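1. pasting a predicted model and its sequence here:
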Amino acid sequence: MSPYVVEESDVPVEGGMGCTWRTLTSADRTPTALVTCGVCEISPGAALELHRHPKLEVYYFLAGEGVVTLGPVERAVRPGTTICIPADTAHGIRNDGSVTLKLFYVFPVDSFSEVEYTML
């Protein structure tokens, strides 16, 4: 694999209904391997609904404030918060702030297509 550079603004926006994301690296889209990452934005009052997947995920919060649900526990998040979510842990995010909640996400997989979401 060679070094690869991507600009967030060059990546198409996916999703909708107050929760959007841009997948920055994924082997099915970019000349990368071993890690899939991107950025997610959640509008005030919106949420990424409770879900799980059989892959570990890491969140790093860049802007805004909100609440992450991790199984039965809720955790307030703000810029600088990092959360490691073990495989198969039910989790979701809601933006209870007044500005867009933005986070960077990472999966230790080649491609985003390897992450099978189960919505709860």
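-> Perfect, I can see it now.

2. distance of the residue positioned nearest the centre of the chain from residue 84?
-> With distances taken as CA atoms, centre = their mean, the residue of the chain nearest its centroid is residue 105 (3.9 Å). Separation of residue 105 from residue 84 (CB to CB, to the nearest Å) stands at 11 Å. Any C-beta I mention is one placed from the backbone N, CA and C, and that applies to glycine too.

3. anything in contact with each of the two?
-> Residues touching both residue 105 and residue 84 (CB atoms under 8 Å, 6 or more residues apart in numbering) are 57, 58.

4. about what we covered before: give me the element the residue nearest to the centre of the chain is part of.
-> Residue 105 belongs to strand 101-107 when assigned by DSSP states H and E.

5. who does that strand pair up with?
-> strand 36-42 (antiparallel), strand 57-63 (antiparallel) (DSSP bridges).

6. export the first one as PDB, just CAs?
-> Output for strand 36-42, consisting of C-alpha atoms alone and laid out as PDB, is shown next (Å, rounded to 0.1, in the frame of the first residue of the first chain):
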ATOM      1  CA  THR A  36     -11.800   2.100   7.500                       C
ATOM      2  CA  CYS A  37     -12.500   5.500   8.800                       C
ATOM      3  CA  GLY A  38     -14.700   8.600   8.300                       C
ATOM      4  CA  VAL A  39     -16.500  11.500   9.800                       C
ATOM      5  CA  CYS A  40     -20.100  11.600  11.000                       C
ATOM      6  CA  GLU A  41     -22.300  14.700  11.600                       C
ATOM      7  CA  ILE A  42     -25.500  14.700  13.600                       C
END
